[in-house]
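Trainee: Prediction below, plus the sequence it came from.
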Amino acid sequence: MKPMNIGTWLFTLLRGELVGTDDAGNSYYQERKLRPNGRMRRWVAYKGAVEASSVPPEWHSWLHHTTDRPIEKSARRAWSKLPIANPTGTPAGYRPPGHDYQGGTRARATGDYEAWTPGSP
């Protein structure tokens, strides 16, 4: 387990119960006893970077109390893709033509744009 911080690590040590892990190595925990609202707190200890989009759908539904236990992998459809982490802000992220990292030049405007000025119809 790679705790996010000392508080999370201590809370997990004292009150956490390991429920399972996913293929990426993330560990999923729940509190050992019920809270006043009748639910147990659930959380994830990420392996590697803390990135919420790296949680697979079957564990996402469990974390948000949609299901009582994680959905089995066998329930995944043959046509569904495996989840991938959000690449925004990384070299794998989308960079449109004209982005500084893509050369910094874009196609010139075609002349069909007319700027709005106050007082014009």
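Mentor: Nice, thanks for sending it over. Numbering: from 1, shown residues only.
Trainee: need the helices for this protein, in chain order.
Mentor: In the chain, the segments counted as helices under DSSP state H are 6-15, 57-63.
Trainee: Once you drop chain neighbours, what's closest to the spatially most central residue of the chain?
Mentor: In the chain, the residue lying closest to the centroid (Cα atoms, centre = their mean) is Ser53, at 1.7 Å. Nearest residue to Ser53 in three dimensions, chain neighbours excluded: Asn86, at 4.0 Å (Cβ to Cβ, 6 or more residues apart in numbering). In short, each C-beta sits where N, CA and C put it, glycine included.
Trainee: Would you agree that neighbour is in contact with Ala49?
Mentor: No - the pair Asn86 and Ala49 does not pass the contact test of Cβ atoms under 8 Å, sitting 10.8 Å apart.
Trainee: These two - which one has more neighbours?
Mentor: Asn86 (12 against 9; other Cβ atoms under 10 Å).
Trainee: what does the model give Tyr28 for pLDDT?
Mentor: Tyr28 carries a pLDDT value of 94.
Trainee: Distance check, it against His65.
Mentor: Distance, Tyr28 to His65, by Cβ to Cβ, to the nearest Å: 13 Å.
Trainee: what's the answer for Thr90, then?
Mentor: Separation of Thr90 from His65 (Cβ to Cβ) stands at 31 Å.
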